[in-house]
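Participant: Quick check, what structure comes out for this input:
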Amino acid sequence: MNRLFYGDNLTVLRNAIDDECADLIYLDPPFNSQATYNVLFRSTAGEQSRAQIEAFDDTWHWGDEAELAFDGVMAGQNTNAAELLRALRMFLKENDLMAYLSMMAVRLLELHRVLKPSGSLYLHCDPTASHYLKLLLDTIFGADRFRNELIWQRTMPKGHAFTRFPSTHDVILSYNKGEEGKWNALYLPYREEYVKSHYGRTEPETGRAYQLDNTLNPNPDRPNLTYEWNGHIRVWRWTREKMQQMNDAGRLVHTKSGMPRYKRYLDEMPGSPITSVWTDIPPINSQAQERLGYPTQKPVALLERIIRASSNQGDTILDPFCGCGTTIHAAQKLKREWIGIDITHLAISLIEKRLKDAFPGIEYEVHGTPKDLEGARELAAHDKYQFQWWAVSLVNAVPFGGKKKGADSGIDGLIYFKPEGRTTEKAIVSVKGGDSVNVAMIRDLGHVVEREKAKLGVFITLADSTGPMRTEAVKAGFYETLYGKYPKLQILTIADLFAGKLPNIPLVDSASFKKSARESTGEQDKLPF
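Facilitator: Next up, the predicted model:
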């Protein structure tokens, strides 16, 4: 069964993922000096400077967690990895990069454990840390298990042109666990100019393009392939019987001298082998149909290529940093099993929405997210920010603000809507996970709605609402449109949301969370050309 896990991937890997269960692992761990790289979601409908969630804002800094990760590698059974990490710490000291490498090392050791002997790992990174990560992978997998350094051109040249060569690519490091990993060769269609220059002949009877190829064997020392054919003694490519079959099938064209030439049809050729430099898969731009609103979203085509190359239908794909779920989407599309892990409830909720939009009726398990009121209470007590993000996702709102004190200004989420189908308006979402709520909180929400020039306010509470709170909400009146009236302040409990109740809001704007296109079914391992 396909599975989504909320939680720290190290904990999930250790406690919930069996040895040698994954056929392919792809990971794209966030690390970059640019803070925007760590933004999981940014609103596309306004409030861009403030409405963002930094899902990994505290992850890669040297502190107790990094020290524990370092100690975990030191105490592990891979002494080569321990020695390398110790040497790197002597060189780099205790900084953000060293924290990143320590926490990646302990996770890569777990990923090696859960990978099947025939499995492959693809680690997506940028040139900032790719050389350090390659050293870690060499020690964990073995330098002889290295297969490729793939270069993906993720953007067109821009900036820095006057001081250095513009940076346009990401790096994907590929390793096998065993001596032989699964491999399916992939090809691209021939370029038009190549077809014109090499396949300029057309068979009149069928209209098929072809070229005439050599029938001689490049190895002259082949006595079993040396014989006379049509007056010529040569070392031929095939046995005499095979040569006769080719002739009978009309695949040989003889020159005036009697030398045979092999008729090679264009439609029988696979195309040009895909190399380690990928310039044909564009990044997600503002107009892309698959764009869902995540700044670091990778194109599905990129993951499809990786999955096709190193796995087969029915295999299990694991992504321990699954973010917006592109790996999961591609795996489902290509009829693979999958396991996704992410550290934010927001990500898990968004992946669920993406899967349900793209694959109606899909079945999977979700572990670690609240399934009842008791689970919601546990999450609220453990991490109020995760609770807020989870609750916001239940009403399809855009998360607002990060973990900085006072950053939300009374706003936990925004719902964009078009009351008359044209102008985009917004509703303010406020979430309270405490044991008790009171009427002052409804008044505060009303003030925030007025301050932000919003049309509606939605108050989500874990505790039951009180009579005075409901009275205060009614006193706020209605927001009137051409199509009806809507309570200006609305109160929903978590119990209401579990029961399927949603805010009463007209024409919610899909620009907030763009709906993923429904995927077609069929033979998914055929290449799209």
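
Participant: residues touching Ala376, list them.
Facilitator: Taking C-beta atoms under 8 Å, 6 or more residues apart in numbering, we find Ala376 in contact with Pro370, Phe387, Trp390, Gly433, Leu462, Ile494. Backbone N, C-alpha and C define where each C-beta goes, glycine included.

Participant: again, 6 Å this time
Facilitator: Pro370, Leu462, Ile494 (C-beta atoms under 6 Å, 6 or more residues apart in numbering).

Participant: Next: Asn2.
Facilitator: Glu337, Trp338, Tyr364.

Participant: can you check Thr279 too?
Facilitator: Gln153.

Participant: Quick check: ChimeraX command selecting the buried ones in the contacts of Asn2.
Facilitator: This is how ChimeraX selects the buried members of the contacts of Asn2, with burial counted by 16 or more other C-beta atoms under 10 Å:
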select :337,338,364
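
Participant: Among the contacts of Asn2, which one sits closest to Glu94?
Facilitator: Of all those, the one sitting nearest Glu94 is Trp338; the distance, using C-beta to C-beta, is 36.3 Å.

Participant: Just list what the helix or strand in which that closest one is found packs against, helices and strands only.
Facilitator: If you go by DSSP states H and E, Trp338 is part of strand 337-342. Applying 3 or more C-beta pairs under 6 Å, 6 or more residues apart in numbering; DSSP states H and E, one finds that strand 337-342 contacts strand 3-6, strand 316-319, helix 326-333.

Participant: Okay, and the beta partners of Glu365?
Facilitator: Per DSSP bridges, the residues bridged to Glu365 are Arg3.

Participant: residue boundaries of the helices in the stretch 301-450 of the chain?
Facilitator: For the stretch 301-450 of the chain, helices defined by DSSP state H, counting those that start in this stretch occupy the ranges 326-333, 345-358, 373-382, 384-394, 439-451.

Participant: Would you indicate which residues of the last one are buried?
Facilitator: Spelled out, that is helix 439-451. Buried, per 16+ other C-beta under 10 Å, within helix 439-451: Val439, Met441, Ile442, Arg443, Leu445, Gly446, Val448, Val449.

Participant: and the residue nearest the centre of the chain, what does it touch?
Facilitator: Among the residues of the chain, the one closest to the centroid is Thr326, at 3.1 Å (C-alpha atoms, centre = their mean). By C-beta under 6 Å, 6+ apart, the residues touching Thr326 are Lys298, Val300, Leu303.

Participant: ok, now His169?
Facilitator: Contacts of His169 (C-beta under 6 Å, 6+ apart): Ile151, Gln153.

Participant: before we move on, what about Pro273?
Facilitator: Contacts of Pro273 (C-beta under 6 Å, 6+ apart): Tyr187.

Participant: Could you report the pLDDT at it?
Facilitator: We have a pLDDT of 96 for Pro273.

Participant: pLDDT at the residue nearest to Tyr483 when sequence neighbours are not counted, what is it?
Facilitator: Leaving aside its chain neighbours, Tyr483 sits nearest to Pro506 (6.1 Å; criterion: C-beta to C-beta, 6 or more residues apart in numbering). Model confidence at Pro506, given as pLDDT, is 86.

Participant: What residues are bridge-paired with Val277?
Facilitator: According to DSSP bridges, beta-bridge pairing links Val277 with Ile151.

Participant: From Thr163, how far off is it?
Facilitator: 24 Å (C-beta to C-beta, to the nearest Å).

Participant: So between those two, which is more surrounded?
Facilitator: Val277 (12 against 7; other C-beta atoms under 10 Å).

Participant: Surely that one touches Trp152?
Facilitator: No: counting by C-beta atoms under 6 Å, Trp152 is not a contact partner of Val277; they are 8.4 Å apart.

Participant: what residues does the longest helix anywhere in the chain touch?
Facilitator: Identified as the longest helix of the chain according to DSSP state H is helix 96-114. Helix 96-114 is touched from outside by 10, 13, 17, 19, 21-22, 25, 31, 60-62, 66, 69-70, 72-73, 85, 89, 92, 132, 136, 140, with contacts defined as C-beta under 6 Å, 6+ apart.

Participant: Return the members of these classed as buried.
Facilitator: Those of the contacts of helix 96-114 that meet the buried threshold are 10, 13, 17, 22, 25, 31, 60, 62, 66, 69-70, 72-73, 85, 89, 92, 132, 136, 140, by 16+ other C-beta under 10 Å.

Participant: which one of the helices of the stretch 301-450 of the chain has the most crowded surroundings?
Facilitator: helix 326-333 (a mean of 26; mean count of other C-beta atoms under 10 Å).

Participant: pull the CA atoms of it into CSV?
Facilitator: Only the C-alpha atoms of helix 326-333 are listed here, as CSV (Å, rounded to 0.1, in the frame of the first residue of the first chain):
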residue,chain,number,x,y,z
THR,A,326,6.3,15.6,-7.5
THR,A,327,8.1,12.3,-6.9
ILE,A,328,4.9,10.7,-5.5
HIS,A,329,2.9,12.1,-8.5
ALA,A,330,5.3,10.7,-11.1
ALA,A,331,5.5,7.3,-9.3
GLN,A,332,1.7,7.0,-9.2
LYS,A,333,1.5,8.0,-12.9
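
Participant: How about the contacts made by Trp338?
Facilitator: Here Trp338 is in contact with Asn2, Ile317, Ile328, Ala331 (C-beta under 6 Å, 6+ apart).

Participant: For it, which non-adjacent residue is spatially closest?
Facilitator: Ala331 (4.0 Å).

Participant: try Arg518
Facilitator: Ala358 (5.9 Å).

Participant: Check the burial of Thr226 by counting its neighbours.
Facilitator: Neighbours of Thr226 (other C-beta under 10 Å): 13.

Participant: wait, Glu228
Facilitator: Glu228: 10 neighbours (other C-beta under 10 Å).

Participant: same thing with Met269?
Facilitator: Count around Met269 with other C-beta under 10 Å applied: 16.

Participant: do the same with the one 5 residues further on
Facilitator: Look at Ile274: counted by other C-beta under 10 Å, it has 16 neighbours.

Participant: before we move on, what about Lys242?
Facilitator: 12.

Participant: What separation is there between it and Ala358?
Facilitator: 48 Å.

Participant: same question, Gly325
Facilitator: 10 Å.

Participant: just His232 next, same as before
Facilitator: Noted for His232: a distance of 60 Å to Ala358, by C-beta to C-beta.

Participant: what's the neighbour count on the closest residue to the residue nearest to the centre of the chain other than its chain neighbours?
Facilitator: Nearest residue to Thr326 in three dimensions, chain neighbours excluded: Lys298, at 4.9 Å (C-beta to C-beta, 6+ apart). By other C-beta under 10 Å, the residues close to Lys298 number 22.
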